[in-house]
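J.: Task: produce atomic coordinates for the following.
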Amino acid sequence: MPNVFQSLKSIFKIPELKRRVLFTLMILIVYRVGGHVPTAGVNGSALSIYFKSQQGSFLGLYDMFVGGAFSNATIFALGIMPYISASIILQLFSAVIPYFEKLSKMGEEGRKKITQYTRYGTVMLALVQSFAMSTYLQHLPAVEGLPIVPSPGLGFTLLTMLTMTAGTVFIMWLGEQITDRGIGNGISLIIFIGIVARYPHDWLNTFRAVRSGTLNVFGLIFLGAIMVGIIAGVVIMTQSQRRIPVQYAKRVVGRKVYGGQSTHIPLKLNTAGVIPVIFAQALIMFPATLAGFMTGNTFMQDIAAALQPGQWIHTTLYVLIIVFFAYFYTAIVFNPVDLADNMKKYGGFIPGKRPGKKTAEYIDSVLTRITLPGAIFLAFIAVLPYFLMQKLHAPFMFGGTGLLIVVGVGLDTLSQVESHLLMRHYDGFMKKGKLRGRRR
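T.: All right, here's what the predicted structure looks like:
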């Protein structure tokens, strides 16, 4: 622990890093404050009561990503999710549409174009989602005799669309400011802080459970030990990678000699990240969400009942969908053929493999093998919350998408702070061995 405090102290000894960290904290505070500003024309207390019954639906999942802003219908109700959706759509376009594929290979200029299209897509999706949100709010039944929207109509719809779309654009700008002038990836940190903001409420529920006798002290200790082990497992799996050795042949250009060094290709065990779990949750929760709107349809109610968390059908489908999307999204974001062509272009080769097609086939086979354990681990983390709540009576949701995002974003931000410290000869958080904690 003293070494951690020493590293934290070192952060504030570097003016640039100190400025970046404080700027990031300031932006995140602005985001959290905005998440409590209500949208005009909505009864927030009645809406909160209604959403307590929607935690197992897609709406509850969405609300988790935006830190509760959706269930309170604040100006940040849509959060950064329209931007995430637009980014994923552009990634898919890059794999299937030649124009976007060409842009993705144009370097910095192409990335600027894709970023611009992503912003346009964000505004369009935000307009569509805010319209759906306003329509949804106006059709909700009254809660305890209180209407959720006291004055429905066209004026409320237009005001909600304008307010929520502007909120999403503002959040997108905040995220870009963090990326450019702060520390870490701004968009990821905004999602991170939205999830972490719910933790105090979970701790309060745990305290109440222990106090009421629902959860005894020994059960709490056992649950804490499991949580520590799971977090350690997520860290290990997130950082795990298969390194394929690459050798570059020497090239003589004029009087200079290039190449001749050895390096490696780091293939992550979980290339797709948290995306497969998000897609799987959205699909598996969609019938329950539809059933909430179709209360008189017996068929939809039966499907929703069969897909309730804890049912064997739900668990089986959930795992299979996660494994499928893990392979699907990995194929979208990682192209072995392009990698093999680039290696061949610069004189690189894998020892024992011929450049070109054979190299691409080898990389693809390795990626296929290591994706399976990564996908199975994702599925395990995804079904973990239901197991803990049903078998160990945990008073909060632990695991799933939230845990994967918190650990992944935390490690990424920590590694960026680490690089700033090491560049200026300070010991970082993840340095192995004895920490010196002083400047050279």
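J.: contacts and neighbour counts: CA atoms only from here.
T.: Fine.
J.: which residue ranges form the strands in the stretch 101-250 of the chain?
T.: Assigned by DSSP state E, counting those that start in this stretch, the strands in the stretch 101-250 of the chain fall at 241-248.
J.: Assign Gly41 to helix, strand or coil.
T.: coil (DSSP: H, G, I helix; E, B strand; the rest coil).
J.: In this structure it contacts Pro147, no?
T.: No: the pair Gly41 / Pro147 is not scored as a contact, 10.6 Å apart, by C-alpha atoms under 8 Å.
J.: Provide the backbone phi and psi angles at Arg76.
T.: Just to correct that, residue 76 is Phe rather than Arg. Phi and psi for Phe76, reported as degrees, to the nearest 10, are phi -100, psi 30.
J.: residues in contact with it?
T.: Phe76 makes contact with Gly34, Gly35, Val37, Val66, Ala69, Phe70, Met164, Gly167, Thr168, Ile171 under the criterion C-alpha atoms under 8 Å, 6 or more residues apart in numbering.
J.: how about the third one, phi and psi?
T.: Spelled out, it's Val37. Here Val37 shows phi and psi, under degrees, to the nearest 10, equal to phi -90, psi 110.
J.: which ones are touching it?
T.: Listed by C-alpha under 8 Å, 6+ apart, the contact partners of Val37 are Thr74, Ile75, Phe76.
J.: Can I get those in a markdown table including pLDDT?
T.: Output for the contacts of Val37, formatted as a markdown table (pLDDT from 0 to 100):
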| residue | pLDDT |
| --- | --- |
| Thr74 | 83 |
| Ile75 | 87 |
| Phe76 | 87 |
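J.: and the contacts of Phe76, which of them are in helices?
T.: Gly34, Met164, Gly167, Thr168, Ile171 (DSSP state H).
J.: Could you export those residues as JSON lines, including pLDDT and distance to Phe325?
T.: Shown next, in JSON lines, are the ones in helices among the contacts of Phe76 (pLDDT from 0 to 100; distance: C-alpha to C-alpha, whole Å):
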{"residue": "Gly34", "pLDDT": "85", "distance to Phe325": "34"}
{"residue": "Met164", "pLDDT": "90", "distance to Phe325": "30"}
{"residue": "Gly167", "pLDDT": "91", "distance to Phe325": "31"}
{"residue": "Thr168", "pLDDT": "91", "distance to Phe325": "27"}
{"residue": "Ile171", "pLDDT": "91", "distance to Phe325": "28"}
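J.: where along the stretch 1-150 of the chain do the helices fall?
T.: Listed in chain order, the helices of the stretch 1-150 of the chain (DSSP state H, counting those that start in this stretch) span 2-11, 15-34, 44-51, 58-65, 81-96, 98-104, 108-138.
J.: re earlier: buried only: go through the contacts of Phe76 for me.
T.: Gly34, Gly35, Val66, Ala69, Phe70, Met164, Gly167, Thr168, Ile171 (16 or more other C-alpha atoms under 10 Å).
J.: so how far is Val337 from the residue nearest to the fifth one when sequence neighbours are not counted?
T.: The reference is to Phe70. In space, and not counting its chain neighbours, Phe70 is closest to Ala77: 4.1 Å by C-alpha to C-alpha, 6 or more residues apart in numbering. Separation of Ala77 from Val337 (C-alpha to C-alpha, to the nearest Å): 41 Å.
J.: next one: Val383
T.: When distance is defined by C-alpha to C-alpha, Val383 is 35 Å away from Val337.
J.: between Ala77 and Val337, who's got more neighbours?
T.: A count of neighbours by other C-alpha atoms under 10 Å puts Ala77 above the other of Ala77 and Val337, at 30 against 17.
J.: Now that that one has come up, it's in contact with Gly34, right?
T.: No: using C-alpha under 8 Å, Ala77 is not in contact with Gly34; the gap is 9.7 Å.
J.: about what we covered before: for the contacts of Phe76, which one is nearest Arg243?
T.: Among these, Val66 lies closest to Arg243 (C-alpha to C-alpha), at 36.0 Å.
J.: need the strands for the stretch 251-400 of the chain, in chain order.
T.: Using DSSP E, counting those that start in this stretch, strands in the stretch 251-400 of the chain cover 251-253, 256-258, 262-268, 348-349.
J.: What mean pLDDT does the longest one get?
T.: Right, the one you point to is strand 262-268. Per-region confidence: strand 262-268 scores 85 on mean pLDDT.
J.: contact partners of it?
T.: Thr238, Gln239, Ser240, Gln241, Arg242, Arg243, Ile244, Pro245, Val246, Gln247, Tyr248, Leu367.
J.: excluding its backbone neighbours, what's nearest the fourth one?
T.: In this case it means Gln241. Once flanking residues are discounted, Gln241 sits nearest to Lys268: 4.1 Å by C-alpha to C-alpha, 6+ apart.
J.: Just the pLDDT for Arg438.
T.: 42.
J.: ok, now which ones touch Ile178?
T.: Phe23, Thr24, Ile27, Gly184, Asn185, Gly186 are the contacts of Ile178 under C-alpha under 8 Å, 6+ apart.
J.: between those, which is nearest Ser104?
T.: Nearest to Ser104 among these is Asn185, at 19.9 Å by C-alpha to C-alpha.
J.: tell me, how many neighbours does the closest one end up with?
T.: 18.
J.: now the spatially closest residue to it that is not a sequence neighbour: how far from Thr271?
T.: Ranked by C-alpha to C-alpha, 6+ apart and with sequence neighbours excluded, the top spatial neighbour of Asn185 is Thr179, at 5.1 Å. Distance, Thr179 to Thr271, by C-alpha to C-alpha: 22 Å.
J.: Leu422 now?
T.: 27 Å.
J.: For the residue nearest to Asn185, give me its contacts.
T.: Asn185, Gly186, Ile187.
J.: could you redo the last one with a cut-off of 10 Å?
T.: When contacts are counted by C-alpha atoms under 10 Å, 6 or more residues apart in numbering, Thr179 touches Arg20, Thr24, Trp173, Asn185, Gly186, Ile187, Ser188, Leu189.
J.: and if you look at His201?
T.: Phe207, Phe396.
J.: And Gly184, by the same measure?
T.: Contact partners of Gly184, counting by C-alpha under 10 Å, 6+ apart, are 20-21, 24, 175, 178, 409-417.
J.: Recalculate using a threshold of 7 Å.
T.: By C-alpha atoms under 7 Å, 6 or more residues apart in numbering, the residues touching Gly184 are Asp412, Thr413, Gln416.
J.: repeat for Gly348
T.: For Gly348, the contact set (C-alpha under 7 Å, 6+ apart) comprises Val246, Gln247, Tyr248, Ala249.
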